[in-house]
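Student: Below are the sequence and a predicted model; questions follow.
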Amino acid sequence: WETFLRSLIGRGLHGVELVISDAHEGLKKAVSKVMLGASWQRCYVHFMRNMEGHLARAERPALKALLKRIFDQESHEQAREQLRSAVDLLEARHPKVATLLGDAEDEVLAYTHFPKAHWRQIRSTNPLERLNREIGRRTDVVGIFPNDASLMRLVGMVLIEQDDEWRVGRRYFSQGSMALLKAREPEFIDATPPEVALTQEAA
């Protein structure tokens, strides 16, 4: 992962403020070494699935609803309060789940330190996974490629199409929301725990 991230920097990636990923330890360590000053957001979708795995199937819908309320809040303070309330509710019957949730507070709420207009895009890796599924769909149609170069050409065109859409069609971030990001006070940026997440800047 460290080699991969350094290759992105070598190709011009810069100014990364947030990296979003699952809790892969190797990736987390690589981000902390390479993406200095960036925060890390643990994908909340992966996190919720991991939490559900600690409960019986019949109990999972209630847990999912409890966790969803955390991520539906309107501010960092409200999300933090909701998370801590959820920890208290879980403590009696599911102490392990309560501990996991409490320990994950900073990493699952890192996105709330950024403009609210960005929250939907930066709290999970879903946009990247959708892109990966589209690449898989397009390559499955071909089936067998004659050589590596032909595969790279097809995947490259899919990525160029996505980049064009984000630039001139359905923007990934609007110009207005980016202005909110640039207008943040320096001390507010510094308050974000320095760790990790994957930005679209590499595209």
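Tutor: Sure thing, it's come through.

Student: quick one, strands of this protein?
Tutor: 18-21, 39-42 (DSSP state E).

Student: Kindly reformat the ones you listed as JSON lines containing distance to Ile9, mean neighbour count and mean pLDDT.
Tutor: The way it works is simple: take the backbone N, C-alpha and C, and place the C-beta from them, glycine included. Listed next are the strands of the chain as JSON lines, based on distance: least, C-beta to C-beta, whole Å; neighbours: other C-beta atoms under 10 Å; pLDDT from 0 to 100:
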{"stretch": "strand 18-21", "distance to Ile9": "13", "mean neighbour count": "23", "mean pLDDT": "93"}
{"stretch": "strand 39-42", "distance to Ile9": "17", "mean neighbour count": "26", "mean pLDDT": "93"}
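
Student: nearest to Asn147, of the ones you listed?
Tutor: Asn147 lies closest, by C-beta to C-beta, to one member of those: strand 18-21, at 31.4 Å.

Student: strands paired with the closest one, and their directions?
Tutor: strand 39-42 (parallel) (DSSP bridges).

Student: what's stretch 150-165 in contact with?
Tutor: With C-beta atoms under 8 Å, 6 or more residues apart in numbering as the test, stretch 150-165 has contacts from Leu131, Glu134, Ile135, Arg138, Thr139, Val142, Phe145, Ala203.

Student: Of those residues, which belong to helices?
Tutor: Among the contacts of stretch 150-165, the members falling in helices (DSSP state H) are Leu131, Glu134, Ile135, Arg138, Thr139, Val142.

Student: Tabulate those in CSV, adding columns for pLDDT.
Tutor: CSV is the format used below for the ones in helices among the contacts of stretch 150-165 (pLDDT from 0 to 100):
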residue, pLDDT
Leu131, 91
Glu134, 93
Ile135, 94
Arg138, 92
Thr139, 93
Val142, 90
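
Student: Give me the buried subset of those residues.
Tutor: Buried subset of the ones in helices among the contacts of stretch 150-165 (neighbour count, 16 or more other C-beta atoms under 10 Å): empty, as none qualifies.

Student: what would these look like in TSV with distance to Arg69?
Tutor: Formatted as TSV, the ones in helices among the contacts of stretch 150-165 follow (distance: C-beta to C-beta, whole Å):
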residue	distance to Arg69
Leu131	29
Glu134	31
Ile135	34
Arg138	38
Thr139	39
Val142	44
